[in-house]
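# Pasted the sequence and its predicted model underneath.
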Amino acid sequence: MFEFCADPSALEGAPWVACYLTNGVHLNFYQSFLTVLILLAITAPVSLAFGFVGASASRSRVPPLRWLGTLYTAMVRGVPDIVFFLFFVIALDQALEWVNHQIRCPDWDEPIRQGANFLVCQAAKIPLSSAPQWVHETYNFFIAVFTFAIVFGAFAANVLQGAMRAVPRAQMETAEAYGMTRRQAFWRILVPQMWIYALPGLSNLWMILIKATPLLFLLGVEDIVYWARELGGSRTSQYAYPHPDWRMWYFLALLVFYLGFTKVSEVVLARVTRRLSHGQATAGGDAQRKAAA
């Protein structure tokens, strides 16, 4: 980045460190922090949507929908995250390629699964082997987003289902007495009031989601853990910037990042909780009324 970085072997001290921290590989490392933030920004609302659909299905009067919602929350929550990530990503990737194979290569006469190998025609590969690198990275990223959303959506469904049950039944009975239909009472009475009961559980789920982002490394995404391991490992004289094993310092930087991001999240969530507690018949609302008295 700097003009004096043309010959790293002639650098010492602060100039060496400045050039080392601004080389092209480190720029990828810094960009990976943005990748994690984008993952969180997309996954959180998508997970909440999955959770809301799952919680609504679990409350449905239609037995198949109720069974499906219950099965979704119980099955996903009962499988360790790392096992689900490793299995689901492979299964989803192969399912997409199988469907694409049936469409693009109907004359294929060889078995797709040959022992441990999964073989489809080249035109059915997702993405194509000739596609640019950014296409492969984008594909892996959105597969990761969908996988995270499925897993954390199941936990969100359990939280939202409990929040729906926490809304006093008298509220729904009053809505019915005023002539509201079941659907109107659900959207106008139950949904607006359930968030204050769901927020503590959703706050914990957000913190867990933050801590789970290093699993991106297992899903083929070059995240901050991947780059910290790669850059921190010892570099011999054959590299432009040789150094001993510095992984401890790189992972210490990740520790500071996660602690700082968690602290910011706690402050924001505390303010949201105070705002939603205003006027509510909850412990937070009672505390606000007593403080104002």
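Structure's in. What do you need? Values in this document were obtained by computation on a predicted structure and should not be read as measured data. Numbering: from 1, shown residues only.
# Can you show me the helices along the stretch 101-250 of the chain?
If you assign secondary structure with DSSP state H, counting those that start in this stretch, the helices in the stretch 101-250 of the chain sit at 133-166, 169-177, 182-185, 191-212, 224-232, 247-277.
# Tabulate those (TSV), appending mean neighbour count, distance to residue 87 and mean pLDDT.
All C-beta spots, glycine's among them, are computed from the backbone N, C-alpha and C. As requested, the helices of the stretch 101-250 of the chain are exported to TSV (neighbours: other CB atoms under 10 Å; distance: least, CB to CB, whole Å; pLDDT from 0 to 100):
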stretch	mean neighbour count	distance to residue 87	mean pLDDT
helix 133-166	19	10	88
helix 169-177	12	40	85
helix 182-185	13	37	86
helix 191-212	17	16	90
helix 224-232	19	21	88
helix 247-277	13	26	90
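# Same list (those helices) but as TSV, adding distance to residue 36.
As requested, those are arranged in TSV below (distance: least, CB to CB, whole Å):
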stretch	distance to residue 36
helix 133-166	11
helix 169-177	40
helix 182-185	39
helix 191-212	9
helix 224-232	6
helix 247-277	9
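# can you pull the contacts of residue 219?
Taking CB atoms under 8 Å, 6 or more residues apart in numbering, we find residue 219 in contact with 85, 89, 140, 143, 144, 147.
# Kindly recompute the last result at 6 Å.
89, 144 (CB atoms under 6 Å, 6 or more residues apart in numbering).
# Over to the one 5 residues further on?
For residue 224, the set of contacting residues under the criterion of CB under 6 Å, 6+ apart consists of 32, 33, 36, 254.
# Can you flag which of the residues you listed belong to helices?
Among the contacts of residue 224, DSSP state H puts 32, 33, 36, 254 in helices.
# re earlier: and of the helices of the stretch 101-250 of the chain, who's closest to residue 239?
helix 224-232 (10.7 Å; CB to CB).
# got the angle between that closest one and helix 247-277?
Taking axes from the mean of the first three to the mean of the last three CA atoms, to 10 degrees, one finds that helix 224-232 is oriented at 160 degrees with respect to helix 247-277.
# Show me how far helix 224-232 is from its chain's centre.
Mean C-alpha position of helix 224-232 versus that of the full chain (CA atoms, centre = their mean, to the nearest Å) differs by 20 Å.
# same question, stretch 102-110
Between the mean C-alpha position of stretch 102-110 and that of its chain there is a distance of 35 Å (CA atoms, centre = their mean).
# same deal with stretch 85-100?
18 Å.
# start at 36 instead
Renumbered: residue one is now 36, and that last one reads stretch 120-135.
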